[in-house]
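Engineer: what follows is a predicted structure for the sequence shown.
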Amino acid sequence: MVSSSPAYRRAARFLRRRTRTGLRRSRKSLVPALQMTICAVGAYAFAEYILGHAGPLFAATSSLIALGFSRDPRLRRVIEVGVGCTLGIAVGDSLLHLFGTGIWQAALVLFLSIMLARFLDSGVIFTTQLALQSLLVVLLPAPAGGPFTRSLDAVIGGSMAMLVTILMPRDPRREPRQDVRKLLHELAEVLRECAAALSSHDSTAAWHALVRARNCQPLVDSMRTSLRSSGEVARISPAHRRHRDELLRLEHSLDFIDLALRNSRVFSRRLTSAINNAAISDEAVLGIATVLEETADAVDELSLGLADPADSSRAVHLRHARQDFAAIANRLHPRMLGVHRLEGETVVMLFRPLVVDMLEATGVGHDEAADYLPEL
């Protein structure tokens, strides 16, 4: 029957998966969608009924762009919309008087506007707004009140977006907490894959761990972006100013988690070579693999210490993670792990900085973290 064919089952699984993903994404977007709706309609109504602008579409569109679902800081987006719109109109109007109207003039104005925008700023929204406004000035008649009416509408939309951000703020800690949870989960899995590769003498598995560690960099970059955006919300929203310290702690921890991920790449690369050369004895394999597994468990504990919503639970998990990393650091000596060959000693030596980084991610100072390591 057609209904039991493999292609039908694959299609049905795909549709179910996409439906679940879409529903989950829609639930998470409910509050931002409400904010965007109120903001766009409010900006349009203000520009039309209060200021008397006819069809102020740029008030609505600029507010949507300024809010949006992007992780970029909203204040930057508001500035990019307002400045890009104003400058684009000025550039378009100047070039209109110089070259006149027409298709080739529009093409020339658009090209020059894009190049000017890229020269002035790297922002995508800024470039889009400047180029779009220049193009509209050349192709469309100016609205009642002059071409800079659109610029005022853009400023209104951006201001409305900032007002909504202040009066209807989202919890600025939500995205950074999700990000740090994903990031530390990946680091823990990299360590577990290294432990499994070492135990099974599988250099290919160790290489896969290296690839996984390399793929974590976009997560680091994404978290840095969300921290900038969240820090901005915490600064401008009275309801969330009390969360600034937590966001600063997350940012501080991220710096050392990033270093630990970089060290994990160096470590897994060296581990691949050591496994290929069969340079680690069975006793050393057991000792190093055990340390890797315990470190992965401590990373999971740190994830709870940084991302748990409850303050009391977060403090307990953070303390446990600090104790676990300290205990691991105390054992990071080649002889304590049964290592007697140079290649195995190199593997242990490369793992020591990673554990120091993780101790610093828990809030321990560098000198104190280094003091946990046994002298060589």
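Structural biologist: Great, that's in hand.

Engineer: in three-state terms, label residue 182 for me.
Structural biologist: Secondary structure assignment for residue 182 (DSSP: H, G, I helix; E, B strand; the rest coil): helix.

Engineer: distance check, it against residue 148.
Structural biologist: Counting by Cβ to Cβ, to the nearest Å, the gap between residue 182 and residue 148 amounts to 45 Å. The C-beta positions use only the backbone N, C-alpha and C, and glycine is treated the same way.

Engineer: and what of residue 7?
Structural biologist: As judged by Cβ to Cβ, residue 7 and residue 148 stand 58 Å apart.

Engineer: neighbour-wise, which of the two wins?
Structural biologist: Taking neighbours as other Cβ atoms under 10 Å, residue 7 and residue 148 compare with residue 148 leading, 16 against 8.

Engineer: doesn't residue 92 make contact with the more buried one?
Structural biologist: No. Counting by Cβ atoms under 8 Å, residue 148 stays clear of residue 92, with 11.0 Å between them.

Engineer: next, the residue most central in space within the chain: secondary structure please.
Structural biologist: Computing the C-alpha centroid of the chain and ranking residues by Cα atoms, centre = their mean puts residue 222 first, at 1.5 Å. Using three-state DSSP as the criterion, the local structure at residue 222 reads helix.

Engineer: chain neighbours aside, what residue packs nearest to it?
Structural biologist: Leaving aside its sequence neighbours, residue 222 sits nearest to residue 179 (Cβ to Cβ, 6 or more residues apart in numbering; 6.1 Å).

Engineer: for the helix or strand the one you found falls within, packing partners?
Structural biologist: Counting by DSSP states H and E, the element that carries residue 179 is helix 174-199. Using 3 or more Cβ pairs under 8 Å, 6 or more residues apart in numbering; DSSP states H and E as the contact definition, the elements that helix 174-199 packs against are helix 203-214, helix 217-236, helix 244-276, helix 282-307.

Engineer: buried sites along the second one?
Structural biologist: Neighbour-count burial for helix 217-236 flags 219-220, 222-234 (criterion: 16 or more other Cβ atoms under 10 Å).

Engineer: can you check the shortest one too?
Structural biologist: By neighbour count, with 16+ other Cβ under 10 Å as the criterion, the buried positions of helix 203-214 are 203, 205-210, 212-213.

Engineer: coming back round to it: thought the residue nearest to the centre of the chain was touching residue 178?
Structural biologist: No. Under the criterion of Cβ under 8 Å, residue 222 makes no contact with residue 178, lying 9.9 Å away.

Engineer: hang on, the earlier thing: gap between the residue nearest to the centre of the chain and residue 104?
Structural biologist: When distance is defined by Cβ to Cβ, residue 222 is 42 Å away from residue 104.

Engineer: can you classify residue 345 by secondary structure?
Structural biologist: Reducing the assignment at residue 345 to three states with three-state DSSP gives helix.

Engineer: near it, how many other residues are there?
Structural biologist: For residue 345, the tally of surrounding residues (other Cβ under 10 Å) stands at 19.

Engineer: and what of residue 145?
Structural biologist: The burial metric for residue 145, expressed as a neighbour count using other Cβ under 10 Å, is 14.

Engineer: residue contacts, the closest residue to it other than its chain neighbours?
Structural biologist: Closest residue to residue 145 apart from its sequence neighbours, by Cβ to Cβ, 6+ apart: residue 53 at 6.7 Å. By Cβ atoms under 8 Å, 6 or more residues apart in numbering, the residues touching residue 53 are 47, 59, 143-145, 149, 152-153.

Engineer: how about residues contacting stretch 141-152?
Structural biologist: 47, 51, 53-56, 58, 82, 85-86, 89, 92-93, 133, 136-137.
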